[in-house]
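Peer 1: Predicted model and sequence follow; I will ask about them next.
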Amino acid sequence: MSESGSGSGAGPVLTEVVDDRVLLIRINRPHRRNAFDGATAAALEAVIDAYEADDALRCAVLTGSDIVFSAGQDLIAAAEGDFGVSPGRGAFGMMGRPPLKPIIAAVEGHALAGGLELCLACDLIVSSRTATMGLPEVARALVAVGGGCFRLPRRIPYHLAMELILTGKAWPASRFAELGLVNRLTEPGGAVAGALELAREVVAAAPLAVRASKQIVTGSRDWTEDQAWREQQEFMGPVRASEDLREGLRAFAEKRPPVWKGR
């Protein structure tokens with residue numbers, strides 16, 4: 001894996017390209033349970049920016065260690081005024097402005113506080129059966145301001161989201177799978193492999209269509225139905241004019257796998 005971040009030794013964020021199309025991103029602060037300070041947020045933002053700019057990469061997988069995905073904000077750093085915020089993408093280097101291309105969270109161990117909010121900034125979640133997730137902020141006189149208070153009620157039933165937010169309790173990943181937040185459960189140690197399998201399915205689809213579809217889904221939260229019919233055309237335009245659309249139709253007619261060019 002390559003490093004992102006300053007300092008000696010391994011940086012706070014590691015990356016590896018898998019199958020030439022998938023970027024595996026690993027949070028690497030085991031001594032702080034993969035919690036975020038400013039340097040880690042800046043490192044993740046740089047990685048996300050590079051992912052966006054690389055046309056060869058079509059999906060990303062974000063993970064932590066086998067013990068913890070992320071414990072959220074590094075509270076020791078926060079006590080010294082060092083918060084996990086980056087200038088371009090906000091909290092943890094991506095919560096405020098996630099990538100336009102797909103990103104999958106692969107969760108082992110705990111995804112708590114900002115760790116769960118980081119998952120909520122991803123498009124898909126693959127988790128070990130033994131993982132736990134929650135928003136414990138209120139138990140520390142804090143508020144889940146990394147998206148948890150407004151993203152979680154959009155993903156699971158309102159009253160269950162409120163129970164998590166108002167009690168600060170953590171639930172097993174299996175419960176979140178029942179509620180539809182977690183796409184796939186794996187055996188312990190298998191989250192990254194499961195996420196890479198899912199990423200390969202995403203990569204098999206046409207990249208321009210995948211990107212446009214994500215933009216429509218995320219943008220439509222703020223649209224009326226009348227707006228949605230109009231606004232989606234902006235994202236569909238480049239797909240309609242693409243070589244990939246013609247290739248997809250030809251491949252269907254010729255009963256063969258398509259060869260996408262991303263243009």
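Peer 2: All right, it came through fine. Numbering: from 1, shown residues only.

Peer 1: these two touch, right, residue 105 and residue 128?
Peer 2: No. At 11.6 Å, residue 105 and residue 128 do not qualify as touching, with contact defined as CB atoms under 8 Å. C-beta coordinates here come from the backbone N, C-alpha and C atoms, glycine included.

Peer 1: between the two, which one's more packed in?
Peer 2: Neighbour count, other CB atoms under 10 Å: between residue 105 and residue 128, residue 105 has more, with 28 against 24.

Peer 1: For that one, give me its contacts.
Peer 2: Taking CB atoms under 8 Å, 6 or more residues apart in numbering as the criterion, residue 105 is in contact with 61-63, 69, 111, 118-119, 122, 124-127, 195.

Peer 1: Report the residue ranges of every domain in the chain.
Peer 2: Taking automatic domain parsing as the criterion, the chain consists of the domains 2-203, 207-254.

Peer 1: Mean pLDDT lowest where, among the ones you listed?
Peer 2: Among those, domain 207-254 carries the lowest mean pLDDT, at a mean of 91.

Peer 1: show me where this protein has strands.
Peer 2: For the chain, the strands identified by DSSP state E occupy 2-4, 13-18, 22-27, 59-63, 68-70, 85-86, 90-91, 103-107, 110-112, 124-128, 132-134, 170-172, 184-186, in order along the chain.

Peer 1: what's the closest of those to residue 215?
Peer 2: strand 103-107 (13.7 Å; CB to CB).

Peer 1: quick one: strands adjacent to the closest one?
Peer 2: Strand partners for strand 103-107, identified by DSSP bridges, are recorded as strand 59-63 (parallel), strand 124-128 (parallel).

Peer 1: closest to residue 252 out of those strands?
Peer 2: Residue 252 sits nearest to strand 59-63 of all the strands paired with strand 103-107, at 22.6 Å, using CB to CB.

Peer 1: For the residue nearest to residue 163 when sequence neighbours are not counted, the count of nearby residues, please.
Peer 2: Once its chain neighbours are removed from consideration, residue 163 has its nearest residue in residue 169; the separation is 7.5 Å (CB to CB, 6 or more residues apart in numbering). Neighbourhood size, residue 169 [other CB under 10 Å]: 14.

Peer 1: Residue 169: what's it in contact with?
Peer 2: When the contact criterion is CB under 8 Å, 6+ apart, the partners of residue 169 are 134, 136, 163.

Peer 1: Redo those as JSON lines? Include distance to residue 246 and neighbour count.
Peer 2: What follows is those, written out as JSON lines (distance: CB to CB, whole Å; neighbours: other CB atoms under 10 Å):
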{"residue": "134", "distance to residue 246": "48", "neighbour count": "23"}
{"residue": "136", "distance to residue 246": "51", "neighbour count": "19"}
{"residue": "163", "distance to residue 246": "50", "neighbour count": "13"}
